[in-house]
Each structure stands twice: as structure tokens, then as C-alpha cells.
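[1] give me the fold of what follows.
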Amino acid sequence: MAFSKIAKEIIDYEKKHNGMTDTQLAFNLHLSVERLHGIKSMQKLPTNEEKTMIEQFFINNN
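    A predicted model of the protein is given here:
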């Protein structure tokens, strides 16, 4: 199974930042850990607002 673009971005960001955990990233994004994990595992689709927020966070904190 191929990862969605947003899931791949989350995985890559966490790896790039020394193995950042879902908990740490969720805190920074102001999302629940469950919500972030659901998006990352592709069990949940992000809303347009969540997708934009995540992508902007990655751009501003790269």
C-alpha cells in the first residue's frame, strides 16, 4: 500500500527531526495524537483546514 502525500510528509518530517514522536508533532500542530495518528496511518482523511495547517507548519518549521 502506498502512503498518501500527507502521510508521507508527516513520516518524513518526524524522521528528519530526530525521530520526533506523534505526540510531539501533534502538540506542535494543536491536534490530538489520535487525530494525527489516524491521518498518518491513512485511517482518517484530513480536513482541508488540517491539511493546510500541517503543510504550512512543515514549510515554516523545516
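[2] and stretch 28-39, end to end?
    End-to-end distance for stretch 28-39, by C-alpha to C-alpha, to the nearest Å: 15 Å.
[3] same question, stretch 29-38
    Using C-alpha to C-alpha, the end-to-end distance of stretch 29-38 comes out at 14 Å.
[4] quick one: contacts of it?
    10, 22-23, 25-26, 44, 50, 53-54, 57 (C-beta atoms under 8 Å, 6 or more residues apart in numbering). Using the backbone N, CA and C atoms, a C-beta is placed for each residue, glycine as well.
[5] and it, what's buried?
    Using 16 or more other C-beta atoms under 10 Å as the test for burial, stretch 29-38 gives 29, 31, 35-37.
[6] make CSV out of those residues and add distance to K16 and secondary structure.
    Formatted as CSV, the buried residues of stretch 29-38 follow (distance: C-beta to C-beta, whole Å; DSSP: H, G, I helix; E, B strand; the rest coil):
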residue, distance to K16, secondary structure
L29, 15, helix
L31, 19, coil
R35, 21, helix
L36, 16, helix
H37, 19, helix
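[7] just these now: which is nearest N61?
    L29 (10.0 Å; C-beta to C-beta).
[8] how about the helices in the protein?
    5-16, 22-29, 33-40, 48-60 (DSSP state H).
[9] let me know which of those is tucked in deepest.
    Each of these was given a mean neighbour count from mean count of other C-beta atoms under 10 Å, and the largest, a mean of 18, is that of helix 33-40.
[10] apart from its chain neighbours, what residue comes closest to T23?
    In this structure, T23 finds its nearest non-sequential neighbour in V33, 5.3 Å apart by C-beta to C-beta, 6 or more residues apart in numbering.
[11] relative to Y13, how far out is the one you found?
    The spacing between V33 and Y13, counted by C-beta to C-beta, to the nearest Å, is 15 Å.
[12] centroid residue for this structure?
    In the chain, the centroid-proximal residue (C-alpha atoms, centre = their mean) is I10; its distance is 3.8 Å.
[13] okay but it is in contact with F57, surely?
    No: between I10 and F57 no contact is recorded; they are 10.2 Å apart, counting by C-beta atoms under 8 Å.
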